[in-house]
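Trainee: Dropping a prediction and its sequence here:
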Amino acid sequence: MGQKGPGLVKQVFIVWKPDRRSPTPIYLQIADRLQHLINQGEYSPGSPLPSERKLAELYGVNRSTIVQAYTELRAHGFIESRPGSKTRVSLHRGRKDQTLPPEWHRYAENGIFLPNTPFLRHIREALAQNPSIIDFASGKLSLNLSPVQEINEIMRNCIYQPEPENDSILGFPPLRRALSAFLRKYRGIDASPDSILITSGSQQALYLITQCLLSPGDAVAVESPSYALSLSMFQSAGLRMYRLPVDEHGVRPEGLRTLQKKYRIQMLFVNPNFQNPTGTLLQQERKRLLLETAGKLRLPIVEDDQFSLTAYDINSPAPLKAESDAVNTLYIGSFSKIAASGLRIGWIVAPSSVIKRLADARRQMDLGFSVIPQQIAAEFMESRYFDPHMDKLRQELIRKRDKAAEALRKHLGDLVEFTVPQGGLHLWCKIVPEVTDSRLLDEALRQGVAFVPGSVYGAEAGYMRLTYARPGAYDIEPGIIRLASAVRNAVTYKKI
């Protein structure tokens, strides 16, 4: 097994903080915590511990407090130090018995499922540590944009009615029937209930597709930049990803034939409507070319369509799947970006043979999705609440988008360039001066604001995605002010 990576330190320590209200001195709390981790095998005999400086930073204490904690552990034989070397766990670990737990941290480094990208882990750790950070990073709706009261009303009147097990393999039948009607009415897609598989959000849908319909070593085409490039699951599946560039009019499909000929592309992943992260809308002419080219190549398209219903001043753009010649398109959708992310309702529309294969795999994973959130989602879709919620959501997103755009112009001026999107949840910004992503992100988190660097999505350095749907409207301008300070500091640092 490999050596402990630098990310493990934060993974082990991030979930715990000393209690400053406790009568137990902080250094003793830290010593007890470290002793517990050692006894649990997170730090095995002979393995190095974090430096005093790093541990002080993670726990939010003075370095002298860590020195005291290490002194306490050293006195009890748990750790040992030598001049010029790292502090390490004692080979005997101060235990009276010699029963040793497994070296859990080494197991945590293994497995075929890769961790999230370092930037994403860093952002999530920072948000967990400091709730006061203004969050432009999380791709979710703020609480006031979710239909909380409406769903609570549905829950009060909902009666648990489980379906026979053999009827629920594809998902709760009433939900699939409701989705069939929903897709026909709002998305122009004619999908029977038997062609729909319910998933735990769109990410599980993508996971099932990569694991069941593709093999390690297969080549796939993705947009660049693209949300897919931020998902380690593609790499975990052993897929080779080749990029189709995205500009202000969406993905450019003219290079697809060349990619397929050169690399034997097996599948294409696209997000045509208000693309994540750029917010672009695929032009109709390009949409036709994409479908025509993929059709001639007999190339399956996976269409991720989470944002279409958020269209602001235009009609909701039709998905690829609604076209008459889109027989090679697998369609993914979700309620997370338009309603309640906590319900974790997503779906796949696909041919029967594909649905059966994915359903079988899903059954091996969890033996079926909980009926209760499916029942709530079905009731909500068919209720009188849905259309008013969508109207309110669009109006609030317009208000937040405009606040964010105005604040960027006011406080960052010509330091950033961006196009105001016509739908979706994100602003895609190019930072005009040269800047290092890691330096800017560190500086932004220090200033108390979070964003996602564009390089996470496969863009070159100097881009960032700002999710204006997540922070409260009153936090948007203060957040942009903090971000402006971070950009200026990072640019100054780069010049030095």
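Mentor: Nice, thanks for sending it over. Residues are numbered from 1 along each chain as shown.
Trainee: can you give me how far the helix ranked longest in the chain is from the chain middle?
Mentor: The residue-count maximum for a helix in the chain (DSSP state H) belongs to helix 386-411. Averaging C-alpha positions (CA atoms, centre = their mean, to the nearest Å) puts helix 386-411 22 Å from its chain's average.
Trainee: same question, stretch 230-249
Mentor: Centre-to-centre, stretch 230-249 and its host chain are 14 Å apart (CA atoms, centre = their mean).
Trainee: Next, M464: secondary structure please.
Mentor: Assigned by DSSP: H, G, I helix; E, B strand; the rest coil, the conformation of M464 is strand.
Trainee: Tell me how far it lies from A56.
Mentor: In this structure, M464 and A56 are separated by 30 Å, where distance is defined by CB to CB, to the nearest Å. In short, each C-beta sits where N, CA and C put it, glycine included.
Trainee: neighbour count winner among these two?
Mentor: Set side by side, M464 and A56 show more neighbours around M464, with 28 against 19, by other CB atoms under 10 Å.
Trainee: sorry, back to before: averaged pLDDT, the longest helix of the chain. What do you get?
Mentor: Across helix 386-411, pLDDT averages out at 95.
Trainee: List the buried residues for that helix?
Mentor: Within helix 386-411, the residues that qualify as buried by neighbour count (16 or more other CB atoms under 10 Å) are 386, 389-390, 393-394, 396-397, 400-401, 403-405, 407-408, 411.
Trainee: State the number of residues packed around L91.
Mentor: Count around L91 with other CB under 10 Å applied: 9.
Trainee: err, Q447, not the other one
Mentor: By the measure other CB under 10 Å, the count of residues near Q447 is 19.
Trainee: And K17, by the same measure?
Mentor: A total of 15 residues lie near K17 under the criterion other CB under 10 Å.
Trainee: just to revisit the earlier point, touching the following helix or strand past the longest helix of the chain from outside, list them.
Mentor: With elements assigned by DSSP states H and E, the helix or strand that comes after helix 386-411 is strand 416-418. With contacts defined as CB atoms under 8 Å, 6 or more residues apart in numbering, strand 416-418 is touched by A405, L408, L427, W428, C429, K430, I431, V432, V487.
Trainee: Surely the third one is in contact with T280?
Mentor: This means L427. No - taking contacts as CB atoms under 8 Å, L427 lies outside contact range of T280: 11.9 Å.
Trainee: Give me the common contacts of these two.
Mentor: When CB under 8 Å, 6+ apart defines a contact, the residues bordering L427 and T280 alike are P421.
Trainee: got the contact list for D305?
Mentor: With contact set as CB under 8 Å, 6+ apart, D305 has these partners: R187, N271, P272, N273, P319, K321, Y331, I332, G333.
Trainee: Just read off the phi/psi values of the third one.
Mentor: Summarising the backbone geometry of P272 under the convention degrees, to the nearest 10, its torsions are phi -70, psi -30.
Trainee: do the last one as well
Mentor: Comment: the main-chain dihedrals of G333 come out as phi -140, psi 170, following degrees, to the nearest 10.
Trainee: lowest confidence element among the helices and strands of this protein?
Mentor: Scoring the helices and strands of the chain by mean pLDDT, DSSP states H and E places helix 7-13 at the bottom, with a mean of 45.
Trainee: and whichever helix or strand comes after it, what does it pack onto?
Mentor: Sequence-wise, the next helix or strand downstream of helix 7-13 (DSSP H and E) is helix 26-39. Applying 3 or more CB pairs under 8 Å, 6 or more residues apart in numbering; DSSP states H and E, we find helix 26-39 packed against helix 63-75.
Trainee: Show me what the helix it packs on packs onto, helices and strands only.
Mentor: Helix 63-75 is packed against helix 26-39, helix 52-59, strand 79-80, with contacts defined by 3+ CB pairs under 8 Å, 6+ apart.
Trainee: For L197, the count of nearby residues, please.
Mentor: Here the neighbour count serves as a burial measure; for L197 (other CB under 10 Å) it reads 25.
Trainee: Would you list the phi and psi of it?
Mentor: Dihedral pair for L197: phi -110, psi 130, per degrees, to the nearest 10.
Trainee: right, and it touches D360 too?
Mentor: No - in terms of CB under 8 Å, L197 does not count as a neighbour of D360; the distance is 10.4 Å.
Trainee: next SSE after the longest strand anywhere in the chain?
Mentor: The longest strand of the chain (DSSP state E) is strand 240-247. Heading C-terminal from strand 240-247, the first helix or strand you meet, by DSSP H and E, is strand 250-251.
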